[in-house]
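[1] any chance you could fold what I've pasted below:
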Amino acid sequence: MNLKDFGFSIDYKIGAYKFRAETENEHFALKISENSNENFLKLEIIPKQKIELLAVSLSYKYVYDEGAVVFTNGYQSWTTSKEHKKTDRQYGLRGLCNLGAIKKIAGATGDYMFKNYAKVAGAFHSYTYGYIRSGMRVDLIGSLTDRTGWTIINFDMNHDRVRIEKDVEGLSPASAYTLFEIVRITGGYDEVFDKYFAAMEIAPPRISHMSGYTSWYNYFQKIDESIILRDLKGLSRVGDKADIFQIDDGYETLVGDWLTPNPEKFPRGLKPIVDDVHVLGYKAGLWLAPFSAEYKSQVLKDHPDWTIKNKKGKPIVAGIAWGGFYALDFYIPECAAYIKSCFDKVFDEWGFDMVKLDFLYGACMVPRNNKTRGQIMYEAVDFLRECCRDKLILGCGVPMAPAFGKFELCRISCDAELSFKEKFYAKITNQEIISTKNAMNNTIFRRHLDGRAFVNDPDVFFLRDENAKYSWTQKEILAKINNMFGNILFVSDDIGTYDDKKLQLLLKTYKKSDAQIISAEYLNNNIIQIVFKQGDTKKLIFNTLTGEYSEKVLEAKEK
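    Numbering: from 1, shown residues only. Below you'll find the model as predicted:
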């Protein structure tokens, strides 16, 4: 890459005055680092006086082949991430969710408050990396680090352009500051991602596969000791074919008050249950949302000053879950000490081996302390890694890049729904909404992260008949997709109620897949085709709306 091939633009303020520049000037200098292969570009800004950055971008001409598709990596774990055709449109908030106070709540989970979505087909944006695919050839454009701010790659298929922007809101650099550190890699699908993660120097995760149980998707917050011990006994039916038993949300008195398990639900506390989990040979996992606190939580009653504030000094609503909640500011030393003390108790007193850390996006909703959103999220993940020492972390609701190489496991999709059929609200709200269709989409199209950045968590599959609306065919295809493309495989069912048919499918799904994915693509808006090698070369086609699927061995002429 060469800066002379790019159009450079920077908007900034000095005092009350705004400026736009396309080259260095009396206010700042630029330092450019490139390599001889023209596949790397690093651009630093060196201020000559105090300036406040508003927007920075690079753009260049890119001719998209006829029939090319563009992959966009969504803002966080739950955000839609897929390949788009030129005729597709990338939606942001929809309908009433764009209005006033509703927008602030519906938009809290994503990038909607700081990134505009194109209002036309053929224009898409992606976080940290993205690619253009023409047949089997992949052209990847990626940032080597977003620690200085989110790198947003904009693909304009209508005007044959790529524009790379940096989220620099809230930043006044005092010295040399890296704006972009970009690579471009072309080749086969696995080849480009192997090279990309090698260039980022991300070490593979220390584990490769886990399977087991999590309580959330059957009972939600309505759990107690008897339910947990009953389902632990149910998991024991599979013996050593499972690895982990996870207690999800509902054990705590209120979200944010992690040190006090609900005494009515768990009169003996959590340690005796962890001991029972260990007796059966499983790891014990626990769900927490370390940067979240319900409005009525004791931690907020005692420390209302610990919340992240907007410019008017008001606490920022971080989401609608639990009737609404605020985000805690880990930069406040006393707040950080509290969060660390919660982990110390979880690991050292209760004996848990893994934590699932959820709603992590809340840490970086607004830039502050002269730090961008990206820098804040990286430092939040660093803080969590320090708190958890060598224990396993399953990240969730987290912007992707900061989790690379830091979390052993990470969710790469939205939550699966209790019904295979999408609920009406999936089409009128945000791109993080609960949807089995969208979960399967992300599981397939973020497959490149598995084993490179962390172990992919595709969310749960359902085999039970109670409290879930899935036909047997729909159960089969969801289990199959999770098994082929993910490597942490959870159910929330009472396995003790399974008949032999369900138990055999569970054991098959828990087993690490040996399928080698050759390609995966949309044939139309609802039909996905997967070509893979598993002994023979096979083709799997399924309907994301109905769950109907077919699988066949390819003949030589089809390969």
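
[2] could you find the closest non-adjacent residue to residue 223?
    Of all residues not flanking residue 223 in the chain, residue 250 sits nearest, at 4.3 Å (CB to CB, 6 or more residues apart in numbering). C-beta here means a position set from N, CA and C on the backbone, and glycine is covered the same way.

[3] next helix or strand past the helix or strand bottoming out on mean pLDDT in the chain?
    Within the chain, no helix or strand scores below helix 100-106, which has a mean of 90 by mean pLDDT, DSSP states H and E. Following helix 100-106 in sequence order, the next helix or strand is strand 123-127 (DSSP states H and E).

[4] pairing partners for the helix or strand following that next one, with directions?
    For strand 123-127, the following helix or strand on the C-terminal side (DSSP H and E) is strand 129-134. According to DSSP bridges, strand 129-134 forms sheet pairs with strand 69-72 (antiparallel), strand 137-143 (antiparallel).

[5] residue ranges for the helices of this structure, please.
    Secondary structure of the chain by DSSP state H: the helices cover 100-106, 189-199, 216-219, 225-235, 271-279, 298-302, 333-344, 373-388, 400-403, 436-445, 472-485, 500-510.

[6] so which of those helices gets nearest residue 264?
    Of all the helices of the chain, the one in closest proximity to residue 264, counting by CB to CB, is helix 225-235 (10.0 Å).

[7] buried residues in that closest one, which are they?
    Buried positions in helix 225-235, judged by neighbour count with 16 or more other CB atoms under 10 Å: 225, 227, 228, 231, 232, 234, 235.

[8] go on, stretch 379-388?
    379, 380, 381, 383, 384, 385, 387, 388.

[9] and the contacts of it?
    Stretch 379-388 has contacts (CB atoms under 8 Å, 6 or more residues apart in numbering) with 290-291, 330, 336, 339-340, 343, 347, 355, 357, 360, 363-364, 371, 393, 395, 398, 402-403, 406-407.

[10] now do that stretch: distance to the chain's middle.
    17 Å (CA atoms, centre = their mean, to the nearest Å).

[11] residues in contact with residue 236?
    Neighbour list for residue 236: residue 280 [criterion: CB under 8 Å, 6+ apart].

[12] please repeat the previous calculation with a cut-off of 10 Å.
    Counting by CB atoms under 10 Å, 6 or more residues apart in numbering, residue 236 touches 242, 245, 279, 280, 281, 282, 495, 496.

[13] could you pick out the buried ones from those?
    242, 245, 282, 495.

[14] so how far does stretch 154-165 reach from one end to the other?
    8 Å (CA to CA, to the nearest Å).

[15] report the rounded mean pLDDT for that stretch.
    The pLDDT scores in stretch 154-165 average 98.

[16] quick revisit: can I get the helices of the chain in CSV including distance to residue 34?
    Below are the helices of the chain laid out as CSV (distance: least, CB to CB, whole Å):
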stretch, distance to residue 34
helix 100-106, 41
helix 189-199, 14
helix 216-219, 48
helix 225-235, 54
helix 271-279, 53
helix 298-302, 49
helix 333-344, 40
helix 373-388, 23
helix 400-403, 23
helix 436-445, 31
helix 472-485, 36
helix 500-510, 47
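
[17] got a pLDDT number for residue 2?
    69.

[18] check the gap between the one residue sitting closest to the centre of the chain and residue 391 for me.
    Nearest to the mean C-alpha position of the chain, counting by CA atoms, centre = their mean, stands residue 77 at 1.6 Å. Remark: distance between residue 77 and residue 391 (CB to CB, to the nearest Å) = 20 Å.

[19] equivalent analysis for residue 49, please.
    46 Å.

[20] more crowded one of these two?
    Shown here are residue 49 and residue 391; by other CB atoms under 10 Å, residue 391 has more neighbours (17 against 8).

[21] wait, residue 173 sits on residue 51?
    Yes: contact status for residue 173 versus residue 51: in contact at 7.7 Å, counting by CB atoms under 10 Å.

[22] common neighbours of the two, please.
    In contact with both residue 173 and residue 51: 28, 45, using CB under 10 Å, 6+ apart.

[23] contact partners for the residue nearest to the centre of the chain?
    By CB under 10 Å, 6+ apart, the contact list for residue 77 reads 109, 358-361, 395-400, 403, 410-415, 432, 442, 446, 457, 459.

[24] now do it, the pLDDT please.
    98.

[25] dump the residue contacts of the residue lying closest to residue 224 once chain neighbours are set aside.
    Of all residues not flanking residue 224 in the chain, residue 265 sits nearest, at 4.0 Å (CB to CB, 6+ apart). Taking CB under 10 Å, 6+ apart, we find residue 265 in contact with 221, 222, 223, 224, 225, 226, 227, 228, 250, 251, 252, 253.

[26] how about 7 Å then?
    By CB atoms under 7 Å, 6 or more residues apart in numbering, residue 265 lies in contact with 223, 224, 225, 251.

[27] and these, which is closest to residue 10?
    Nearest to residue 10 among the contacts of residue 265, with distances taken as CB to CB, is residue 251, at 49.4 Å.

[28] report the contact partners of that closest one.
    223, 261, 262, 265, 266, 270.

[29] same check, this time on residue 419
    So residue 419 contacts residue 469 (CB under 7 Å, 6+ apart).

[30] tell me the bridge partners for it.
    With DSSP bridges as the rule, residue 419 is bridged to residue 469.

[31] from residue 377, how far out is the closest residue to residue 68 other than its chain neighbours?
    Distances taken as CB to CB, 6+ apart place residue 134 nearest to residue 68, at 4.7 Å, with adjacent residues excluded. Distance, residue 134 to residue 377, using CB to CB: 33 Å.

[32] higher neighbour count, those two?
    Using other CB under 10 Å as the criterion, residue 134 and residue 377 rank with residue 377 on top: 26 against 13.

[33] count of neighbours near the nearest residue to that one once chain neighbours are set aside?
    Leaving aside its chain neighbours, residue 377 sits nearest to residue 364 (4.0 Å; criterion: CB to CB, 6+ apart). Using other CB under 10 Å, residue 364 has 27 neighbouring residues.

[34] you'd agree residue 364 is up against residue 378?
    No: the criterion here is CB atoms under 7 Å, and residue 364 misses it with residue 378 at 8.8 Å.

[35] next up, the contacts around residue 233.
    residue 496.

[36] go on, residue 394?
    354, 356, 407, 409, 410, 457.

[37] re the thing from before, and the least confident helix or strand of the chain, which residues are buried?
    For helix 100-106, using 16+ other CB under 10 Å, the buried residues are 103, 105, 106.

[38] now distance to residue 490 too, for these, in a markdown table please.
    Output for those, formatted as a markdown table (distance: CB to CB, whole Å):
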| residue | distance to residue 490 |
| --- | --- |
| 103 | 33 |
| 105 | 28 |
| 106 | 27 |
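
[39] can you tell me which of those is closest to residue 307?
    Of all the buried residues of helix 100-106, the one sitting nearest residue 307 is residue 105; the distance, using CB to CB, is 15.7 Å.

[40] find the nearest non-adjacent residue to the closest one, please.
    residue 320 (5.3 Å).

[41] pick the one among the contacts of residue 236 closest to residue 197.
    residue 242 (29.0 Å).

[42] just give the closest residue to the closest one, not the sequence neighbours.
    That would be residue 212: by CB to CB, 6+ apart, it lies 4.4 Å from residue 242.

[43] contacts only, for that neighbour.
    235, 242, 243, 244, 245, 246, 282, 490.

[44] those residues: which two are farthest apart?
    282 and 490 (12.6 Å).

[45] before we move on, back to that, give me the distance between the residue nearest to the centre of the chain and residue 261.
    Taken as CB to CB, the span from residue 77 to residue 261 is 26 Å.

[46] just residue 227 next, same as before
    Distance from residue 227 to residue 261, by CB to CB: 14 Å.

[47] over to residue 396?
    On the measure of CB to CB, residue 396 and residue 261 end up 21 Å apart.

[48] these two: who's more crowded?
    Between residue 396 and residue 261, counted using other CB under 10 Å, residue 396 has the larger neighbour count: 26 against 21.
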